[in-house]
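>>> everything below, folded, please.
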Amino acid sequence: MERETARLLAPTIETQRALSGGRPAAGPHLMLFPCGQPAPRHLQNESNDKLKLNLTEVTEGGTHLRLAAETQAVRYTGESLDPNVKSSAGSTLLIGVYNKATGTVQLCRPSRLFVMHPSVKEPAVSLAAGALSRSTEKRSLAAELGSEKSRKKLKAAAATRIHADLIFNQGGLEEDITTAMEASAPSGASLEESPEARPLLPPHNMEALSTRTAYPRVGLVASKIWSTLAVKWLAETSRNAASLQAMDKEKNMWPPFIMHHLRMAAADEQELGVLLYLTYLLRFSVASRPVFSPEEGEKGARPRHPLQRVTPPAVWNHIVREFSEPLPPHAGSSVVHRRINDSMKHKIALHAHALALWICDGKMLSSELAASLQLPEDRCAFYLRQLGCVVIPKAKDGINTELKLPLQFPRIEKRGRAK
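Below you'll find the model as predicted:
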């Protein structure tokens, strides 16, 4: 069996029934977690915080299945892939199913394979101003019937009170989850082993010794949209000087980083495909309207959003779903709109720099994507460090960041109270 660098989770019989709508599954289903396997408590059926599965059928880009696995803090989503596709070495993926009754292990091919990617969930608590707690009612009563002294004391306390609805943000939620995980982890446990610690990073292999295996192409560009990228058109265009000059004039559509690498004769089909996907992602990162609907305009002759008009539908929908968060639906409407919030801006920047590192073989200037992402250079250097790069003080040939292998990420430390 081919050695997998990411961990595989073999569902129990209970999980298989959940996947098949209450009926026994035709064969074992596999969930692949490229960012690391969930904590053990999420994998036990008797746990109160076990993975809760929801399987839906998606008809976009061909009929396939989408699996959502949720815990109290994290949501994993994955698309069904064909598990019987052989690797370049000719090996086949098999799973061993242990039978407790007979004490034997049976090897069989999985019927479905889901590549699961984590994201931090919004809190399910209500921050409505009208929801009065017991302490709120007590303060209200004191303000109405209390003495002058008690009212002054109440006013002074209210001036120093922190309201959750004013300080909540996605970044703060991620930090709270990280802190809670660190506090609950057993002694000596590493926080880096859990994908909840770094949910915004692209899939990676901590043991890889080359850039393109540390951040594999299939983790950066989903296989389901790879065939929709116009790689042959881009290859022909890159060999036409007049076409390149025309593209140079549209810097918003074709960033300088993309144009520089299009002119390099060594670019192969893999690199051209990654360049084209990075182009779409960079355009999306600076979209003038931060709210989208994935299916918006698909049924009409002319999509309303200008970016969608120049993006293949499958690529557009994938990027919108991967790099934006859903908004609560409007009353009486079934259309789900999405927005690019601060957390998704971080995710876009991290994935864009990971794609650039893949193209540059792990060595690049921290300023190369700064203009395209509309970020200062020091912010880009920060994102590169989060991906495992180091800054070279006296760089040669203009290269000032380099991906160190095997991957080592900046340590996540628990913040103490300021003294």
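>>> next helix or strand past the helix or strand hosting residue 32?
For residue 32, the host element (DSSP states H and E) is strand 29-33. On the C-terminal side of strand 29-33, the nearest following helix or strand under DSSP H and E is strand 52-58.
>>> now the angle from that next one to strand 29-33?
Angle, strand 52-58 to strand 29-33, by axes from the mean of the first three to the mean of the last three Cα atoms, to 10 degrees: 100 degrees.
>>> elements contacting the next helix-or-strand element following strand 52-58?
With elements assigned by DSSP H and E, the helix or strand that comes after strand 52-58 is strand 64-70. Applying 3 or more Cβ pairs under 8 Å, 6 or more residues apart in numbering; DSSP states H and E, one finds that strand 64-70 makes contact with strand 52-58, strand 74-81, strand 112-120. In this view, the C-beta of every residue, glycine as well, is placed from N, C-alpha and C.
>>> let me know which of these is tucked in deepest.
Comparing these by mean neighbour count (mean count of other Cβ atoms under 10 Å), strand 112-120 ranks first with a mean of 22.
>>> paired strands for that one, with orientation please.
Sheet pairing of strand 112-120 (DSSP bridges) gives strand 29-33 (parallel), strand 74-81 (antiparallel).
>>> kindly export that strand (C-alpha atoms) in CSV.
Only the C-alpha atoms of strand 112-120 are listed here, as CSV (Å, rounded to 0.1, in the frame of the first residue of the first chain):
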residue,chain,number,x,y,z
ARG,A,112,-15.7,7.2,-1.5
LEU,A,113,-12.8,9.4,-0.6
PHE,A,114,-13.3,12.8,0.9
VAL,A,115,-10.4,15.3,1.2
MET,A,116,-11.4,17.4,4.3
HIS,A,117,-10.4,21.0,4.8
PRO,A,118,-11.0,22.7,8.2
SER,A,119,-12.5,26.2,8.9
VAL,A,120,-13.4,27.9,12.2
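>>> strand 64-70 and that strand, what's the angle between them?
Angle between the axes of strand 112-120 and strand 64-70 is 40 degrees (criterion: the same axes, to 10 degrees).
>>> start at 805 instead
In the new count, where the first residue is 805, that last one comes out as strand 916-924.
>>> average pLDDT across strand 916-924?
Throughout strand 916-924, pLDDT has a mean value of 80.
>>> do stretch 1049-1068 as well
On average, stretch 1049-1068 scores 90.
>>> just the endpoints, please. Distance across that stretch?
End-to-end span of stretch 1049-1068 (Cα to Cα, to the nearest Å): 15 Å.
>>> need phi/psi at the residue lying closest to residue 1066 once chain neighbours are set aside.
Excluding the flanking residues, the one nearest residue 1066 by Cβ to Cβ, 6 or more residues apart in numbering is residue 1042, at 4.5 Å. Dihedral pair for residue 1042: phi -70, psi -20, per degrees, to the nearest 10.
>>> quick one, what contacts residue 1168?
Residue 1168 sits next to 1160-1161, 1188, 1203, 1205 when contact means Cβ atoms under 8 Å, 6 or more residues apart in numbering.
>>> repeat that for residue 1014.
Going by Cβ under 8 Å, 6+ apart, residue 1014 touches residue 1209.
>>> ok, now residue 1052?
1058, 1063.
>>> ok, it to residue 1203 distance?
Using Cβ to Cβ, to the nearest Å, residue 1052 is found at 24 Å from residue 1203.
>>> before we move on, what about residue 911?
Distance from residue 911 to residue 1203, counting by Cβ to Cβ: 47 Å.
>>> cool, and residue 1006?
Distance from residue 1006 to residue 1203, counting by Cβ to Cβ: 22 Å.
>>> which one of these two has more residues nearby?
residue 1006 (22 against 14; other Cβ atoms under 10 Å).
>>> per-residue pLDDT of the more buried one, please?
pLDDT, read off for residue 1006, is 93.
>>> of the contacts of residue 1168, which belong to strands?
residue 1205 (DSSP state E).
>>> neighbour-wise, which of the contacts of residue 1168 leads?
Counting by other Cβ under 10 Å, top hit in those: residue 1188 with 27 neighbours.
>>> if I pick it, what's in contact with it?
Residues in contact with residue 1188 (Cβ under 8 Å, 6+ apart) are 1157, 1161, 1168, 1170, 1195, 1205.
>>> that older thread, got the contact list for the residue nearest to residue 1066?
Contacts of residue 1042 by Cβ under 8 Å, 6+ apart are 1048, 1066-1067, 1071, 1076.
>>> would a markdown table of these with secondary structure be doable?
Shown next, in a markdown table, are these (DSSP: H, G, I helix; E, B strand; the rest coil):
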| residue | secondary structure |
| --- | --- |
| 1048 | helix |
| 1066 | helix |
| 1067 | coil |
| 1071 | coil |
| 1076 | helix |
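>>> those: which two are farthest apart?
The span of those, defined through Cβ to Cβ, is set by 1048 and 1076 at 13.5 Å.
>>> what touches both of those two?
Common neighbours of residue 1048 and residue 1076, using Cβ under 8 Å, 6+ apart, are 1042, 1066.
>>> so which of these two has more stuff around it?
Between residue 1048 and residue 1076, counted using other Cβ under 10 Å, the more crowded position is residue 1076 (22 against 15).
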